[in-house]
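K.L.:
Mind folding the following:
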Amino acid sequence: MDLLLTLLVGVPAQIGVFSLVPLAWWLQAGRPEGSLLRWLGFRELRGDGRTALVLAAAGGLGFLGSAVVGGPAWWATSASGVGLVLAVILTAVLQTALAEEIFFRGFLLRWLDERRAGPMAANLLQAALYGLLRAAGQWLFVDRAPASCLAALALAGGSAFLVGWVRQYTGSILLPWAAHGAGNLVGGLIVAFR
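P.N.:
Predicted coordinates:
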């Protein structure tokens, strides 16, 4: 019951928190493109899908590695079987991947690029910030070993750079979200069933 309550509150809460800044900016900016979801990148892919797919898959592998380095969630020991699998799916795909893609690739990457940083600088900045956030989370909540923190920084930052490029190339966060969610899901299942 505790796990169910945690997921029912935690999943929408984290998505909501990560969406507050993009929503506030979109409202004050005069609602560009009419729809917040469209502005964030919830749209069809444009460009060559093969190149984007290869880079997204590479990014997904980095997210998988980052999830494995991060270790199990605190609730992983309180669930088993189907309940554990469903918890990993909800946490990996919605709570973590969707929330982070909305903020980092949907909002921050686009906002930096529109501020005349240029596409490469914007992508490097959002990837560096994402990597630093994951390294700080590793340090604070998982393991204070410098090697694991550096691994979290490199895996998360590198993955964020790759899926950031996919976001810029395709105009959509759907493929980055799929790669991020798949990497987190596989990593989460590996960690949960070790």
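
K.L.:
C-alpha from now on. contacts and neighbour counts both.
P.N.:
Fine.

K.L.:
Any buried residues in the helix or strand containing residue 27, and which?
P.N.:
Per DSSP states H and E, residue 27 falls inside helix 2-28. For helix 2-28, a neighbour-count test (16 or more other Cα atoms under 10 Å) marks 3, 7, 11, 14, 15, 18, 19, 22, 23, 26 as buried.

K.L.:
Which strands or helices does that helix pack on?
P.N.:
With contacts taken as 3 or more Cα pairs under 8 Å, 6 or more residues apart in numbering; DSSP states H and E, helix 2-28 sits against helix 99-100.

K.L.:
contact partners of the helix it packs on?
P.N.:
14, 15, 16, 18, 19 (Cα atoms under 8 Å, 6 or more residues apart in numbering).

K.L.:
from the middle of its chain, how far away would that helix be?
P.N.:
5 Å (Cα atoms, centre = their mean, to the nearest Å).

K.L.:
and that helix, what's its mean pLDDT?
P.N.:
Averaged over helix 99-100, pLDDT sits at 98.

K.L.:
again with stretch 29-48
P.N.:
91.

K.L.:
wouldn't residue 64 be in contact with residue 189 here?
P.N.:
No. In this structure, residue 64 is not within contact of residue 189 by Cα atoms under 8 Å, at 10.0 Å.

K.L.:
Looking at these two, which is more packed in?
P.N.:
Comparing residue 64 with residue 189 by other Cα atoms under 10 Å, the one with more neighbours is residue 64, at 26 against 19.

K.L.:
Is the more buried one in a helix, a strand, or coil?
P.N.:
Recorded secondary structure, residue 64: helix (DSSP: H, G, I helix; E, B strand; the rest coil).

K.L.:
next helix or strand past the helix holding residue 27?
P.N.:
Next along the chain after helix 2-28, taking DSSP H and E as the criterion, comes helix 36-40.

K.L.:
What are the buried residues along that following helix?
P.N.:
When neighbours are counted by 16+ other Cα under 10 Å, the buried residues of helix 36-40 are found to be 38, 39, 40.

K.L.:
from those residues, which is closest to residue 101?
P.N.:
The closest of the buried residues of helix 36-40 to residue 101 turns out to be residue 40 (Cα to Cα; 9.2 Å).

K.L.:
Wait, that closest one touches residue 108, no?
P.N.:
No. Judged on Cα under 8 Å, residue 40 makes no contact with residue 108 at a distance of 9.6 Å.
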